[in-house]
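Engineer: Quick one: sequence and predicted model below, then my questions.
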Amino acid sequence: MQLQTHSPQETLELGQRLGRSLSGGLVIALVGDLGAGKTQFVKGVASGNGATDPKQVTSPTFTLINEYEGQRTLIHIDTYRLKGSAELVALGFDEFIAEDAVVAVEWADRVCEAIPEDHLRIEVESIDANTRRLSFSAMGASAVACLESFNANQD
C-alpha cells in the first residue's frame, strides 16, 4: 500500500493514525534516506499511541534508543550509527521485541538480519521539499492485523 503526504503535518497525522492501530509485539521497520521523514512519522505514531506531545519525540540518533509510554510502550531505535545487526542485538533488541511493546526501528535496512520475520515495513521516500511517499508492507500476522486496523481507522 502506498500513501502520499504533502506536508510534515500530514506525515505526522498519518503516523498518528498508525499509532491508534498498534498491537503489542509489533516491529515497525522504517527505511528511507536522511531527512525523508522517518522521525516525523514516529512522532505521529507516539502521539497516536497516547504517549506524548509529538514535540517531545526526538530522533535517537545519538542516544540510539528512546522510550515513550502510551497505550503500548513505544521503543524508538535509530540504527544509523550501528555497524550491523550484531550491535542492535547487543543493545537488547531481542528483549525489546519479546515484550508487549511496539518497536520502531529507523534505518532498518542496515540491520535487516535482526528484524523479525513478522514486521511492518514502511519505506519513506522524499518526492520534493514537502511531499513524501510512504509504502507499507505487512510481513506476518501481527503486521497484517495492524495494517487492517490502520485501514479501518481512516478519519
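Structural biologist: Yep, it's here.

Engineer: so where's the protein uncertain?
Structural biologist: Scanning the chain for pLDDT under 70 picks out 52-55, 57-63, 98-99, 155.

Engineer: OK, contacts around the residue sitting nearest the centre point of it?
Structural biologist: The centroid of the chain falls nearest to Ala104 when counting by Cα atoms, centre = their mean (3.7 Å). Listed by Cβ atoms under 8 Å, 6 or more residues apart in numbering, the contact partners of Ala104 are 28, 30, 42, 45, 74-77. C-beta: built from backbone N, CA, C; applies to glycine.

Engineer: Show me the helices in the protein, by range?
Structural biologist: Taking DSSP state H as the test, the helices found in the chain are 8-19, 38-48, 85-90, 93-98, 141-152.

Engineer: distance of the residue nearest to the centre of the chain from Ile28?
Structural biologist: 4 Å (Cβ to Cβ, to the nearest Å).

Engineer: list residues touching both of these two?
Structural biologist: Common neighbours of Ala104 and Ile28 (Cβ under 8 Å, 6+ apart) are Val45.

Engineer: Next, the contact list for Ile77, please.
Structural biologist: By Cβ under 8 Å, 6+ apart, the contact set of Ile77 is 60, 64-65, 88, 91, 93, 96, 103-106.

Engineer: Next: Ile65.
Structural biologist: Contact partners of Ile65, counting by Cβ under 8 Å, 6+ apart, are 75-78, 91.
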